[in-house]
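**Q** Provide a 3D model corresponding to the input given below.
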Amino acid sequence: MKLKLEWVVFFHELKEVCERVKPYTVVMGSQGKTAAEHILFGSHATHAIKDLEWPVITVPPNAKYTTIKK
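**A** Predicted structure coming up:
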């Protein structure tokens, strides 16, 4: 129950910030460790993708930044 409560608080805070700031997109890390879609995105990212009004870009845990090539 404690983990679920923290998860709900996280999403509530994220949504409030988005409503105040009105971002072009939300970028967040992904590190799912449980079933199906959570393996790819993680529970916070999955919830954000499904329930935020803004586009969400997820970044896998081992992603490395490289410059854009022409």
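
**Q** For this structure, just list every one of the strands.
**A** For the chain, strands defined by DSSP state E occupy the ranges 26-29, 56-59.

**Q** For residue 67, see how far away the closest residue to residue 60 other than its chain neighbours is.
**A** In this structure, residue 60 finds its nearest non-sequential neighbour in residue 30, 5.6 Å apart by CB to CB, 6 or more residues apart in numbering. All C-beta atoms are positioned from the backbone trio N, CA, C, and that covers glycine. In this view, residue 30 and residue 67 are 22 Å apart by CB to CB, to the nearest Å.

**Q** can you count the residues close to residue 28?
**A** 15 (other CB atoms under 10 Å).

**Q** need the contact list for it.
**A** Residue 28 makes contacts with 44-45, 48, 56-59, as judged by CB atoms under 8 Å, 6 or more residues apart in numbering.

**Q** Can you tell me which of the residues you listed is nearest residue 14?
**A** residue 48 (6.4 Å; CB to CB).

**Q** Which strand residues bridge the nearest residue to the closest one once chain neighbours are set aside?
**A** Leaving out its chain neighbours, the residue that sits closest to residue 48 by CB to CB, 6+ apart is residue 56, at 4.9 Å. Using DSSP bridges, the bridge partners assigned to residue 56 are residue 26.

**Q** Verify the stated contact: residue 56 with residue 29.
**A** No. Taking contacts as CB atoms under 8 Å, residue 56 lies outside contact range of residue 29: 11.3 Å.

**Q** Now the common contact residues for these two.
**A** Residues touching both residue 56 and residue 29 (CB under 8 Å, 6+ apart): residue 45.

**Q** Have a look at these two and say which one is more surrounded.
**A** A count of neighbours by other CB under 10 Å puts residue 56 above the other of residue 56 and residue 29, at 20 against 13.

**Q** ok, the more buried one - contacts?
**A** 25-28, 45, 48-49.

**Q** which of those residues sit farthest apart?
**A** Within those, 25 and 45 form the most distant pair, 13.0 Å apart (CB to CB).

**Q** neighbour count winner among those two?
**A** In terms of neighbours (other CB under 10 Å), residue 45 is the more surrounded of residue 25 and residue 45; the figures are 22 against 9.
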